Structures are given as structure tokens and as C-alpha cells.
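# just need the structure, nothing else, for what follows:
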Amino acid sequence: MNATNVKTTVVTIIWNPVDISFSGPLLQYDLFRDNKVVYSGLSTSFQDSGLSPGKSYVYNVRAVTRAGSGEVSTIFTVTMNEDRPEGFDSLRAIDIGSTFIQIAFDAPQESNGKLLPYRIFANGKFVFTLAKNTSFKVEGLVPFTMNKIEIEACTQAGCIIGMLNLTTAPSIPSGIVTPFIDTNQGANAMLVSWSAPSNQNGELSRYEVYIAIVLQGVAQGVKLAYRGTDTKVLITKLAEATTYEVYYEVFNADLSEPGKSSARRARTPSTAPEGLPAPTIDLIQSTSVHITWEAPSTPNGEITKYSLVVNGSVRLRTADAGDVHVIQGLTPYTIYSAEVQACTVQGCGSSPKTTFRTLPTTPSGQDPPSLSVYNSSAILIRWSPPNFPNGEIQNYTVQRDGQVSITVDADILSYIDTNVSPYTLYQYTIVVSTDHGIAKSTARQIRSAENVPTELKEPIITSTSPISIRVIIPPPGIVTGVIIEYQILLKQAISTSPLVLYTGERSDVSITSEILLPAETYLVAIVYKNGAGETIGPWAEVTTLPDAPDAFQSLPSVFITSSSTAIISWNFSTSRSNGQIVNGSVLINEDAPYPITHPNLSGEQEVNDLVPNQLTNFSVRLCTEGGCQVSNKVANKTLKAAPGPFSEFSALFLDEDSVSILWRIPSSPNQPIIRIDVYRNDKLIYQGLNTKFVDFVSPDMELTYMAKAFNDIGFSQSKEITVRTPAKVPGNMSGPRLVLSNPTSINVSWSSPAT
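From the prediction side, this is the model:
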């Protein structure tokens, strides 16, 4: 027993025939696989299928005769080729920490071979291999971060990958910076601020700020000063000239243990001047004001300086109160707050704030609009208020290509322009208006969205050969986008489905295709494609040029009607004419064309002037304006006929008593001439096959000659020739006889000449 063609799921088992001469005729072989019969029959081979890759199977065979079953052969083990594992989807997380993930898994449902050690990957990087365990831990991960864990299970034939996406657990925030303390908030307050931790390690839920008094260098009496999500807090009701220690804790959601910052110490300032009146604002203009103030009612010491603070920035420092101070460089039509700080060596006190607004002026700093395509027929225009309104905005005007599109109220900062054409470049500007003037942004351009091609024209189509056409594609009447592709469609009738002859970017295309047939009328249309879609243009008609008819599949028929005529008929309707049949002829012996009166793919034609008793080849030639096609030839023999007319018959005098008769055999004997008969005055004077005869006659005779040529069908007769032989001097004449009748007369007599 042996195995061949071992695959992953198929193997062919072969075994040697068994000598059963001693036990009767063989009925069958039983083939066992793992002790189960998988085949019974007379063949000595069997292709076993549906097996598992990489698995070993045990085969043996026995022969069965009428006498019973023989012994089972020794076992034969076959190991199937391996394949990549299958069914690896059992990955599951059994423990997730902030810096580790522990995963368990089951082996692939179908190993399809011997599994190699598992390869573990974390976030695309190889981590380690795993030999037999079905759980592992990936460590060194970042808290509260999505991680992609992959396990690669492989045989020698290939691999399968199981994957899980898991987020690590949150952890205590880290990277917490020491808080910053601003003591310039008066003698009884501190402004504590901080930044978010560099490693939040989870979803941040709150901050808690703690403060303690520092006595003799030791922080005592820690109290919660703030709980919330802001990153700064003003702590008030503090003692002046006192040192405090401040730190804060950061909490993540679902975690009770916080991250804690380092502590920072700071001292509140001494008592500042009090009773400082608010400054007086006068002569307000668009960019400047006049400001004066009075000394504090309770200076709490000698005033060393005054500071004028406008919107939080020191704009002026001076030692005296009561003077008029000009503050310039202000922004028009802007609300400001001004306060005065009076300082002694012990600290500074602040006056109440005076709020004022500068006067309006012409706006400035209008940024260009933000443009985006809304749809194929609209553009969305958005804009922001001017950087410097310098007054109360009354309205905005949207200009397109220098013309007003719309004017909207001051609270509207967008507009959809629906009056646009597809794939058109537009330029927009924004004009902002106040009571004191206008400001115009710079222009910004945008091209509207493409639309499907429109206003399409018929293609210009010409036939360049029986199976070729040239298609010139006209551009769309309106540009609605960039044509990225054309398709040329072809069909034979309105109801038929079109075929695609061409796909590409060229607009002048020559196409030669076996789809095209000669002298056939087709409909052609163009599919125009751009970024918005496609449109089919109108159908145009084209007729391909004619060609020679296709090869004739049948032979013509020949009916011999006489020795010189035949009727040729044909039916080539199974062949394409490839155009209008314009002329045709019957070819006799591949030459001598005989015109066909009514040429068509089927018909008949009588042919005359044939040579009798001749085997003649006939073929039919039919022509279109594109060429001709000739059928195969058919041979037939014309009927026999009597000889044709003599081509020459004459009579010549040799002398007064002989005539030479000359003739030529008829040029169309129509079969062998068997004899020539020559007649003189309707009397047969010669029979034979010579072409001359000498007739001996008498002088001065009128003679009429005629000849007949005979074959086994009949004869033909020459013309009659009448001649007269010349006269001859008489001869053999005897002398006269003289008789004296009287003295004065003689009687003379004579006889006629003998000749």
C-alpha cells in the first residue's frame, strides 16, 4: 500500500492486487481509514477527500471474494500536508491594569498541522513568543490608552492572527507641577494657578487645593480651599503679612487615590493705602482719553507711586495725584476699565474701577470670508466680525465678482449663495458697515462644485473601413466640470442593449472591432464622465462601409439546357452581402464573365454561347461597392451538337477540265468529324476526311459545289459555290468532204469535232 498526491485534504491510496486464485472471483476491496470502511469496489486505488490538514490517518485494505473476506493488510499511515490554522477567535481579557493586560485564549479550532510557538504583538511591535501556555501578560503599557494586542498562530503552511483592542485601566495622574502663587491680590488674598498634569492617566474629574499657615517653618492647620475643575483659584480672607503653604491634588474618575503636587510657600503683603477714589475720565475720543484721580483718603503711609491700570495693564506710573493724564493708543469703540493703584512701602491699594467706551470710527481688519462648496449649485460663505469694528456694526454685504449678492444684518455671519453655475470660479469679498464708515476684506476665490455634463451634442461619426469607425466627441455645451473619461456606446437598434467600444480620455477615436459588420447601420452615443457623475449624450447614426460579400457557404447549381446554353442558379442567403449587391457575373472557366441581369445573394442566370460537348467550369461572382466574392466552381458538360459552319469552302480551276475543291474542317466540330461529303450539282462526288478534292469535268460547264461535315449527332452544310469551266479549242476534227456538183460548184461537208 502506498499514498500519492498527498494534499491538505485529499490523498490517493493505492495497493497491489491480491492473488485470489485459491478462493474464487474477487468481489471487491474494502479500504479502511481509522478502522472505518471508506471505499468498496474493484479498483486498486481510491482518492480520499474531506480530510483535515496536518492530521495522520491509518489505512489498511482487505479483499472480499465469494468465499468471504480476506485478512486485513498491515496498516499504512499517511500524514496530510499542513495548512494555515483556522478559527482563532477566542481571545479574551482576564485582567486589565493601568500598565498591563492579561489575555487568555483557546488554541485555533482547526490547527491544520503542528502549531509553532505563538508570537505576541502589542501595538504592532513584537513582544515575545509563547510555547504552550494559553494566557499571557503584556506589561509596560501606558495607563488609560487603547492598545492593539495580536496573537499569531502558525504552522509551517501559514498563519492566522487573533486580535483584541483593549484600553488599559486609569491610574493616578503624574507629571504634576508645583502651583504658582500670585500675591499681588491685596494683603488678604492669593491667586493660586496650575496647569493640567502632563500624564492624566485617565479621565480627570477634579482638583482640590489645600492651604496651611506656616508658623516657625512648619505648616499647620491644613484646610481645603477649593474643589473643582478650574486651574486657578483666588483664595481670600487671608491674614496680611503671613506665610502660607499651598498644594493641590488631582483626581481621576473611578479612582479614590489622587496625584499630589509639591507644596509652594508665599507671603501676603502688608496693608496698602485705603479710600482711593475711582479715576475720572474726560474728553473721550476714539483712541485717547484724559484721566485724573485724587489721593486716597487713608494713605496708611507715604505714597511712593501711583499706577494707572487700564484693562489690567499698567499704562502710567507717577508720584503725584491731581494731574491730567492723556492715555493714547486705545482701540475705538471699546469698553475699558481704569483703576489707580497707590503704593506705600507696605503695599498697594487699588481704587474702584471706572468703565468707559472710546468713541467709534471707521471699522478695519475685516478678514476675507471662508468659502466652501455647499452643493452642486450653491456655495457657503462664512465670515467673522472685523478685528476692529470700531463702532456698532449695522450690516454686512457679500460681494461676488465685485457685485452685491446680499446685505444681511449684523448678527448674521454666513450666507448660502444658490445662484451659481457648476464648475465656475467665483470671487467673494465681505464689506462691513458701521455708522462711521465701511471696511472691505480682501477677495477669496472658490470654484463651485461640478455637475454632471449637460447640453451634450451628437458625436461626429464616419466609417473608415467596413469594420472601422472614427468618432469625434464634441465638448459639452456648458462646462460643468473636468471630463475625466469618455465611453463610446454602440447598439444596432433603440431596443437593444449598448456595448462599450471605448473607454478613455481621447475625444478623437478610431475604432476597429470585430463587433462592427460591413454596411451595417449602428447607433452611437457618448457617456461623458466628470467628478459629479456621468451623462449619456444623444444617439447618432452611422453606416459602415461595404465590403466584399462573405465567403459563400454553398455551390451554385448548373442545369444544361442545350449544347450552347445553361441555367446557373444559386442561393447564398446564409452569407452576409456586406452591402448592396451592385453587379454580378457568371464566370466560365474562371474567365469570360457573363453578366447577371439581376444580381443578388440568390437568383439564376441563363448563359448562352457555350461550346457544345465541353466540360465547363461555372462560378458566380457577386460584387458590392466594397469588393467581390467568387463562389467555388461547379463543372458540367454541355450537350452534343452538329458541327458548326465551315470556316472556308472554295473551288479553283486547274485547267479546262479539272476543278480543285478546298475546305477547312468547321472551327466548332462539337465532337470528332467522322466524314466530309462533297456534292457537285447535288451528286455526291467525294467522301472522306481530307480537306481538298480534284474534280475532273468537261470544259465549258456550269458546276455547283457544296460540302457536308458529319459527326455522330448530325451535319453542317457549307455554302454553295457555282462555277463554269472555260471553253477549249475543238480537237480531233476530221477534214471536210468535197463533192463536185457541176462545173461551177462544189459541195463541202464536215463532221463536228470529236472534242
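
# sketch out the low-pLDDT regions of the stretch 651-755 of the chain for me.
Applying pLDDT under 70 to the stretch 651-755 of the chain flags the ranges 729-735, 753-755.

# skipping its backbone neighbours, what lies nearest Tyr244 in space?
Ile211 (5.5 Å; C-beta to C-beta, 6 or more residues apart in numbering). Backbone N, C-alpha and C define where each C-beta goes, glycine included.

# contacts only, for Cys159.
Arg84, Pro85, Glu152, Ala153 (C-beta atoms under 8 Å, 6 or more residues apart in numbering).

# among these, who's most crowded?
Among these, Pro85 has the most neighbours (other C-beta atoms under 10 Å), with 27 neighbours.

# who's in contact with the lowest-mean-pLDDT helix or strand in the chain?
Using mean pLDDT, DSSP states H and E, strand 737-742 stands out as the lowest-scoring helix or strand of the chain, at a mean of 73. If you take C-beta under 8 Å, 6+ apart as the criterion, strand 737-742 is touched by Ile746, Asn747, Val748, Ser749, Trp750.

# any idea what the first one is bridged to?
With DSSP bridges as the criterion, the beta-bridge partners of Ile746 are Leu740.

# returning to that earlier point: between the contacts of strand 737-742, which sits nearest Ala122?
Distance to Ala122 across those (C-beta to C-beta) is lowest for Trp750, with 167.7 Å.

# neighbours around that closest one, how many?
11.

# from Lys728, how far out is it?
19 Å (C-beta to C-beta, to the nearest Å).

# what's the answer for Glu240, then?
Counting by C-beta to C-beta - Glu240 and Lys728 are separated by 193 Å.

# residues touching Leu555, list them.
Ser631, Asn632, Val634.

# keeping just the C-alphas, turn the helix or strand containing Ile461 into PDB.
Following DSSP states H and E, one finds Ile461 within strand 460-465. Presented in PDB, the C-alpha positions along strand 460-465 are these (Å, rounded to 0.1, in the frame of the first residue of the first chain):
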ATOM      1  CA  ILE A 460     -19.400  63.100 -35.400                       C
ATOM      2  CA  ILE A 461     -19.000  59.600 -36.800                       C
ATOM      3  CA  THR A 462     -17.600  58.500 -40.100                       C
ATOM      4  CA  SER A 463     -16.900  55.000 -41.300                       C
ATOM      5  CA  THR A 464     -13.300  54.500 -42.300                       C
ATOM      6  CA  SER A 465     -13.500  50.800 -43.300                       C
END
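
# elements contacting it?
strand 468-472, strand 540-543 (3 or more C-beta pairs under 8 Å, 6 or more residues apart in numbering; DSSP states H and E).

# strand 468-472 and that strand, what's the angle between them?
160 degrees (axes from the mean of the first three to the mean of the last three C-alpha atoms, to 10 degrees).

# what pairs with strand 460-465, parallel or antiparallel?
strand 468-472 (antiparallel).

# and the partner strand, how far out from the chain's middle?
22 Å (C-alpha atoms, centre = their mean, to the nearest Å).

# send over it as CSV, restricted to the C-alpha atoms.
What follows is strand 468-472 as a C-alpha-only set of coordinates in CSV (Å, rounded to 0.1, in the frame of the first residue of the first chain):
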residue,chain,number,x,y,z
SER,A,468,-13.8,50.7,-38.5
ILE,A,469,-15.3,54.0,-37.5
ARG,A,470,-13.9,57.3,-36.4
VAL,A,471,-15.7,59.1,-33.6
ILE,A,472,-15.1,62.8,-32.9
